[in-house]
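Participant: give me a model of this one.
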Amino acid sequence: MQDLVQLIFAVFFLVFLVYLVGRILVKPFKLVFKILFNSIFGLLLLWGYNFIGNYLGIIIPINLLTVLIAGFLGIPGLILLIILNFILGG
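Facilitator: Numbers count the residues shown, from 1 in each chain. Okay, the predicted model is just below:
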């Protein structure tokens with residue numbers, strides 16, 4: 001009877017360890033997908049702005065830094081990039 005109790009505890013402990021390892025391994029992938037999604041959103045924001053801004057003669061260069069700023073901050077990030085473009089004389 002004591003061996004059966006030890007076996008049950010061992011199985012529960014093993015399931016708990018598998019659960020913990022799974023949570024630890026999944027978390028970085030969620031972060032990577034979130035960064036990727038936000039970067040795509042930032043790229044779309046910049047393309048839309050440059051499409052409209054091309055007629056006005058004001059564009060923001062699309063590079064990794066501007067895409068990440070617009071992606072992480074969204075619309076306020078795009079406004080920040082526009083203000084920096086005017087301040088720095090881009």
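Participant: how about low-confidence regions in the chain?
Facilitator: Low-confidence segments of the chain (pLDDT under 70): 90.
Participant: longest helix in it, please.
Facilitator: helix 2-56 (DSSP state H).
Participant: touching the following helix or strand past it from outside, list them.
Facilitator: Where DSSP states H and E defines the elements, the next helix or strand beyond helix 2-56 is helix 64-73. Helix 64-73 is contacted from outside by 35, 38-43, 45-46, 60, 77-78, 80-81, using CB atoms under 8 Å, 6 or more residues apart in numbering. All C-beta atoms are positioned from the backbone trio N, CA, C, and that covers glycine.
Participant: that older thread, which secondary structure elements does the longest helix of the chain contact?
Facilitator: If you count contacts as 3 or more CB pairs under 8 Å, 6 or more residues apart in numbering; DSSP states H and E, helix 2-56 packs onto helix 64-73, helix 75-87.
Participant: distance between that helix and the chain's centre?
Facilitator: 10 Å (CA atoms, centre = their mean, to the nearest Å).
Participant: okay, the angle between it and helix 75-87?
Facilitator: 40 degrees (axes from the mean of the first three to the mean of the last three CA atoms, to 10 degrees).
Participant: and the angle for helix 2-56 with helix 64-73?
Facilitator: Going by the same axes, to 10 degrees, helix 2-56 makes 110 degrees with helix 64-73.
Participant: can you tell me the closest non-neighbouring residue to the spatially most central residue of the chain?
Facilitator: Centroid check for the chain by CA atoms, centre = their mean gives Ile35 as the closest residue, at 1.7 Å. Once flanking residues are discounted, Ile35 sits nearest to Gly71: 7.8 Å by CB to CB, 6 or more residues apart in numbering.
Participant: count the neighbours of that neighbour for me.
Facilitator: 23 (other CB atoms under 10 Å).
Participant: where's it relative to Leu43, distance?
Facilitator: Going from Gly71 to Leu43 by CB to CB, to the nearest Å gives 7 Å.
Participant: same check, this time on Ala10
Facilitator: Counting by CB to CB - Ala10 and Leu43 are separated by 50 Å.
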